[in-house]
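A.B. asks: Sharing a sequence plus its predicted fold:
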Amino acid sequence: MIAQYEGYDHGCSQVLFGDAASGMNAEELGGMNVMLITAEGTLVTPGLSGTILDGVTRDSILTVAGDLGLATDVRPITLAEIFEGIAQGHFVEAFACGTAAVITPVGEFRTKEGNYPISQDAGPHTLAIRNRILDIQYGRVEDTHSWMVKAV
C-alpha cells in the first residue's frame, strides 16, 4: 500500500510493480494486468510468473485480441523496455485490465527519470478489444468461444 500512496503523491492513480526478485521485470499495474500494444499491432503482456493474476479477463482479452487480428506476445518484459518502447514509439497503446476494471486505458507512465506519455485517450486497438468483449457480454455478437452460459 505504501507504493500506491507514493503514486498518489505523484499524481498517479495506479502503480506498475516490478518483480520481487530483481525489480526489473513488469508484473502488474496495481491489482490489474498490464498490456501494451505495439505500432505493428502486437499485444504484449507479462507472462504468468506465479505472482501475476491469471484471471478470466486477461485470458478473454488475449483470445479476443487474436480474433481481431492482433498478434499476442506473452513474455517477461522489463520496465526499461516499456519506457524505452514508449519513448521510441514502439508501444502506442497501454491498458490495465481485470475483473472490476475490465479495460482501463493508461495515458502515461511516470518514473523518477521522467514521464512517458503514451496516449490521451483509449487507442483504436484498446477500444476494439473492449467493445468486442462488451458485445459478447451483452449478446450483440455471437459468442464463438462458448463463454456465455444461460442461467435459469
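C.D. replies: Right, received. Where do you want to start? Just so we're clear, the structure is a prediction, and the values are computed from it rather than from any experiment.
A.B. asks: hey, let's count contacts and neighbours off CA atoms from now on
C.D. replies: OK.
A.B. asks: Count the residues that sit near residue 14.
C.D. replies: 20 (other Cα atoms under 10 Å).
A.B. asks: which SS class is residue 21?
C.D. replies: coil (DSSP: H, G, I helix; E, B strand; the rest coil).
A.B. asks: next one: residue 8
C.D. replies: Assignment for residue 8 (three-state DSSP): helix.
A.B. asks: need the contact list for it.
C.D. replies: Residue 8 sits next to residue 14 when contact means Cα atoms under 8 Å, 6 or more residues apart in numbering.
A.B. asks: cutoff 7 Å now
C.D. replies: With contact set as Cα atoms under 7 Å, 6 or more residues apart in numbering, residue 8 has no partners.
A.B. asks: Show me where this structure has its helices.
C.D. replies: 2-9, 56-67, 79-87, 124-137 (DSSP state H).
A.B. asks: wait, what's in contact with residue 107?
C.D. replies: Per Cα under 7 Å, 6+ apart, neighbours of residue 107: 117, 118, 119, 120, 121.
A.B. asks: ok, of the helices of the chain, where does mean pLDDT dip lowest?
C.D. replies: In terms of average pLDDT, helix 2-9 trails the rest of these, at a mean of 74.
A.B. asks: about what we covered before: export the contacts of residue 107 as CSV, with columns for neighbour count, distance to residue 57 and pLDDT.
C.D. replies: Formatted as CSV, the contacts of residue 107 follow (neighbours: other Cα atoms under 10 Å; distance: Cα to Cα, whole Å; pLDDT from 0 to 100):
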residue, neighbour count, distance to residue 57, pLDDT
117, 16, 25, 93
118, 23, 23, 94
119, 15, 22, 85
120, 11, 24, 77
121, 12, 21, 84
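A.B. asks: re the thing from before, out of the helices of the chain, the one nearest residue 103 is which?
C.D. replies: Among the helices of the chain, the nearest to residue 103 by Cα to Cα is helix 124-137 (6.3 Å).
A.B. asks: wait, doesn't residue 24 sit right on residue 77?
C.D. replies: No. Using Cα atoms under 7 Å, residue 24 is not in contact with residue 77; the gap is 8.5 Å.
A.B. asks: since we're on the nearest residue to residue 109 once chain neighbours are set aside, how many residues are nearby?
C.D. replies: Distance criterion Cα to Cα, 6 or more residues apart in numbering; nearest residue to residue 109, sequence neighbours excluded, is residue 116 at 5.0 Å. Using other Cα under 10 Å, residue 116 is surrounded by 17 other residues.
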